[in-house]
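**Q** Coordinates only, no sequence provided:
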């Protein structure tokens with residue numbers, strides 16, 4: 001009887017604990033869409049160019065802040081050929097974070113490719129915000 005009572009008590013305590021907790025599922029696209037610009041390589045600030053050059057061999061994601069702007073940097077590392085691009089699937093402001101979801105798009109079938117490696121990366125410029133950035 002003692003084990004049964006202890007088990008029942010544990011179940012009641014666990015239920016009370018779970019009652020106070022909740023999981024809120026947030027999906028991409030649920031947030032507010034901020035204004036942003038996808039930058040051309042020629043317009044990257046010098047520090048952004050340095051960060052990309054230092055990290056381009058491997059996949060990276062980082063932020064850089066300067067002069068009232070926030071730069072979101074996403075790179076997919078070394079690819080064996082050219083012809084790759086990056087598409088933004090979602091950029092939105094959630095209640096407590098900035099969400100950036102991207103996808104790497106490979107070369108099109110039949111596309112003539114350079115036989116030298118490429119390093120696809122994306123730089124998004126937006127007004128500075130203090131929220132953390134979630135990259136997907």
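**A** Received, thanks. If you're wondering where the values come from, they're calculated on a predicted model, not measured in any experiment.
**Q** drop to CA atoms for contacts and neighbour counts, all remaining ones
**A** Noted.
**Q** And the strands in this protein?
**A** Counting by DSSP state E, the chain has strands at residues 37-38, 59-66, 69-76, 85-93, 98-105, 121-127, 133-135.
**Q** Which secondary structure elements does the last one sit against?
**A** To tie it back to what came earlier, the one meant is strand 133-135. Contacts defined by 3 or more Cα pairs under 8 Å, 6 or more residues apart in numbering; DSSP states H and E place strand 133-135 against strand 98-105.
**Q** So what sits opposite residue 79 in the bridge?
**A** Beta-bridge pairing for residue 79 (DSSP bridges): residue 118.
**Q** just for the chain, where's the confidence low?
**A** Across the chain, the ranges flagged by pLDDT under 70 are 1-30.
**Q** In it, which residue is most central in space?
**A** Centroid-nearest residue in the chain: residue 135, 1.0 Å away (criterion: Cα atoms, centre = their mean).
**Q** Surely that residue is in contact with residue 61?
**A** Yes - using Cα atoms under 8 Å, residue 135 is in contact with residue 61, at 7.0 Å.
**Q** circling back to that earlier point, could you list every residue that touches the residue nearest to the centre of the chain?
**A** By Cα atoms under 8 Å, 6 or more residues apart in numbering, the contact set of residue 135 is 61, 99, 100, 101, 102.
**Q** Can you name the residues bridging to it?
**A** Beta-bridge pairing for residue 135 (DSSP bridges): residue 100.
**Q** how close does it get to residue 108?
**A** Counting by Cα to Cα, to the nearest Å, the separation of residue 135 from residue 108 is 25 Å.
**Q** No more questions from me, cheers.
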